[in-house]
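Chemist: quick one: sequence plus predicted model below, questions after.
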Amino acid sequence: MSLFSDKYIYKFGGASLADAQRIKKVISIIKSYGPARLVVVISALGKTTNELERIHLAARANDPALEELIRLLEEKHLAIAKELFDEGEEVFNELDPWFVKLRDWAFLRAGYDDLFLYDQIVSIGEYLSSIIVSHFLRKTGRDNRWINACDIIRTDHSYREAIIDWDITHTLINQSLNFKGETCYVVQGFIGGTVEKMATTLGREGSDYTAAIIASCVEAVEAVVWKDVPGVLNADPRIFKDAVKLDQISYYEAIEMTYYGAQVIHPKTLQPLQQKKIPLRVKSFLDPDLPGTLIHSDDAHIPPHIPVIIFKSNQLLISIYTRDFSFIADEHISQIYAYLVRKGIKSNLSQNSATNFSLIVDNVSYKTEALLEFLKHHFRVLINEGLQILTIRNYHASLVDLLIKDRTVLLEQRSRHTVQILLK
């Protein structure tokens, strides 16, 4: 295969865009390693999404700190831009309207649905970062075209976790990213758009998913996700100093890991790539010469002697009982799961006995508040907050004992290859 005809997708996360020096590193990677035909998917600058979420909450609460939060975010971006560009360059003119738009959404919020408002505010981070990267890439010699993801990734109106309309998205992407006259495009991650061209977001950390959507639609040779880790590790290196890099894993194993909460790859990323048999490579932007981890065919198994350890925090245990102390029947569980499906809530773990049903979900307030209200209307409900799920694939008894030592076990499930334990 020729690098001069094939298409590649490079995605850079927030950690790789945290300051001017790291942005320069990203540009050097694109220029040194980037193939001739390239789509660059850009996340918000490091921690910007968190800052925009605070702005959204301040707007909801009519918090007097709102203007200060916006000012700090604007100053951060302009300070980075001033390190990269000379005063008066066009990039500053292109950034300014997005700061105006942020203030408009934050202060003129009356009458808007909260989830809709969240997406309009939080999506601005990717617009700002992608403008900076596109201009600096052009300034350093790689011509490119900036593309608004809202124009090419069509979604429904499920704000905060929008669902892709694949047929329309395929057409729009191939119309815009056709490499006729351009060899490089810069696109925001995490963002889609409704038919009315209003921004939607694809779920937290959704830029990986954007890369997979584009790779699938243009039938890329490979998608590369650049991270601040050397590849996919068997455990979080911040917790386990002896974490092992996995040289290659199958789509199946990667999907399992993301399902259980591993944060290296967004959970929705793998399926579009697997369907088109497009490999995904996870590489370090800090040391781009390292080979990273290749996620590809279903024959690339993790060696059975290497356990995969995943901690997932901020879990909510919901214990559900019938009001008349009768058995929990199949129709009760069916009723609960029908609600979860309707509201897009994922059950991370569940267990039932004769008289109660236990459900563990991510404690995301805008979802769990409505879920608890629904459940309390039909059942008796008890909750426990601030919990963790420990998942170990390729587990053995001594490792399990070591990891749960001095912790309270609330629930445990074991299968042939995987153990999951809810811990307090």
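Modeler: Thanks, I have it.

Chemist: what's the burial count for the nearest residue to His305 once chain neighbours are set aside?
Modeler: Closest residue to His305 apart from its sequence neighbours, by CB to CB, 6 or more residues apart in numbering: Asn394 at 7.3 Å. In this view, the C-beta of every residue, glycine as well, is placed from N, C-alpha and C. Per other CB atoms under 10 Å, the neighbour tally for Asn394 reads 17.

Chemist: phi and psi next, for the residue lying farthest from the centre of the chain.
Modeler: For the chain, the largest distance from the centre (CA atoms, centre = their mean) belongs to Asp324, which lies 42.0 Å off. Note on Asp324: its backbone torsions stand at phi -100, psi 10 [degrees, to the nearest 10].

Chemist: how about Gln315: what's its closest non-neighbour residue?
Modeler: Closest to Gln315 by CB to CB, 6+ apart is Leu387, at 4.2 Å.

Chemist: er, Ser176 actually
Modeler: Nearest to Ser176 is Ile152, by CB to CB, 6+ apart, at 5.0 Å.

Chemist: how about the one you found, phi and psi?
Modeler: The phi/psi pair for Ile152 (degrees, to the nearest 10) is phi -120, psi -20.

Chemist: now do the contacts for it.
Modeler: Listed by CB atoms under 8 Å, 6 or more residues apart in numbering, the contact partners of Ile152 are Thr169, Leu172, Ile173, Ser176, Leu177, Val187.

Chemist: how does it look with 7 Å?
Modeler: Leu172, Ile173, Ser176 (CB atoms under 7 Å, 6 or more residues apart in numbering).

Chemist: immediately after the host helix or strand of the second one, which helix or strand?
Modeler: To tie it back to what came earlier, the one meant is Ile173. Taking DSSP states H and E as the definition, one finds Ile173 inside helix 166-176. Where DSSP H and E defines the elements, the next helix or strand beyond helix 166-176 is strand 184-188.

Chemist: rewinding a little: list the contacts of the helix holding Ile173.
Modeler: Ile147, Asp151, Ile152, Ile153, Arg154, Ile213, Ile214, Cys217, Val218.

Chemist: with distance to Gly231 and pLDDT added, can I get those residues in a markdown table?
Modeler: Shown next, in a markdown table, are these (distance: CB to CB, whole Å; pLDDT from 0 to 100):
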| residue | distance to Gly231 | pLDDT |
| --- | --- | --- |
| Ile147 | 29 | 98 |
| Asp151 | 33 | 97 |
| Ile152 | 29 | 98 |
| Ile153 | 27 | 98 |
| Arg154 | 33 | 98 |
| Ile213 | 23 | 97 |
| Ile214 | 22 | 98 |
| Cys217 | 26 | 97 |
| Val218 | 25 | 96 |
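
Chemist: filter those residues down to the buried ones.
Modeler: Listed as buried from these are Ile147, Ile152, Ile153, Arg154, Ile213, Ile214, Cys217, Val218; burial here means 16 or more other CB atoms under 10 Å.

Chemist: between all of the residues you listed, which two are separated the most?
Modeler: Taking CB to CB as the measure, the buried ones among the contacts of helix 166-176 span a maximum distance of 15.6 Å, between Arg154 and Val218.

Chemist: CA atoms only for the helix or strand where Asn314 lies, dumped as CSV, please.
Modeler: Taking DSSP H and E as the criterion, Asn314 maps to strand 308-321. Taking C-alpha atoms only, strand 308-321 is exported to CSV below (Å, rounded to 0.1, in the frame of the first residue of the first chain):
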residue,chain,number,x,y,z
VAL,A,308,-6.1,-6.8,32.7
ILE,A,309,-7.1,-4.6,35.7
ILE,A,310,-9.7,-1.9,35.5
PHE,A,311,-11.1,0.3,38.2
LYS,A,312,-14.3,2.3,37.4
SER,A,313,-15.2,4.9,40.0
ASN,A,314,-18.3,7.1,40.8
GLN,A,315,-20.6,4.1,40.8
LEU,A,316,-24.1,4.1,42.2
LEU,A,317,-25.6,0.9,43.7
ILE,A,318,-29.4,0.9,43.5
SER,A,319,-31.2,-1.8,45.4
ILE,A,320,-34.8,-2.3,44.3
TYR,A,321,-37.6,-4.0,46.2
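
Chemist: okay, now the sheet partners of that strand, with direction.
Modeler: Taking DSSP bridges as the criterion, strand 308-321 sits next to strand 356-362 (antiparallel), strand 380-393 (antiparallel) in its sheet.

Chemist: quick one: residues in contact with that strand.
Modeler: Looking at what lies outside strand 308-321 - CB under 7 Å, 6+ apart - the contacts are 234-236, 240, 257, 260-262, 302, 336, 348, 355-363, 368, 375, 379-385, 387-394, 410, 422.

Chemist: that strand - what's its average pLDDT?
Modeler: Averaging pLDDT along strand 308-321 yields 93.

Chemist: after that strand comes which helix or strand?
Modeler: Heading C-terminal from strand 308-321 (DSSP H and E), you reach helix 330-343.

Chemist: what's the burial count for Asp143?
Modeler: Using other CB under 10 Å: Asp143 sits among 10 other residues.

Chemist: picking that back up, the residue nearest to Ser176 and Tyr159, how far apart?
Modeler: Plainly put, Ile152 is 18 Å away from Tyr159 if you go by CB to CB, to the nearest Å.

Chemist: about what we covered before: dump the residue contacts of the residue farthest from the centre of the chain.
Modeler: So Asp324 contacts nothing (CB under 7 Å, 6+ apart).

Chemist: neighbours around Ala338, how many?
Modeler: 10.

Chemist: most centrally placed residue in the chain?
Modeler: Short answer for the chain (CA atoms, centre = their mean): Glu205, at 1.9 Å.

Chemist: now do the contacts for it.
Modeler: Contacts of Glu205 (CB under 7 Å, 6+ apart): His266.

Chemist: tell me the pLDDT of it.
Modeler: Checking the pLDDT column for Glu205, the value is 77.

Chemist: next: His417.
Modeler: Confidence score, pLDDT, at His417: 86.
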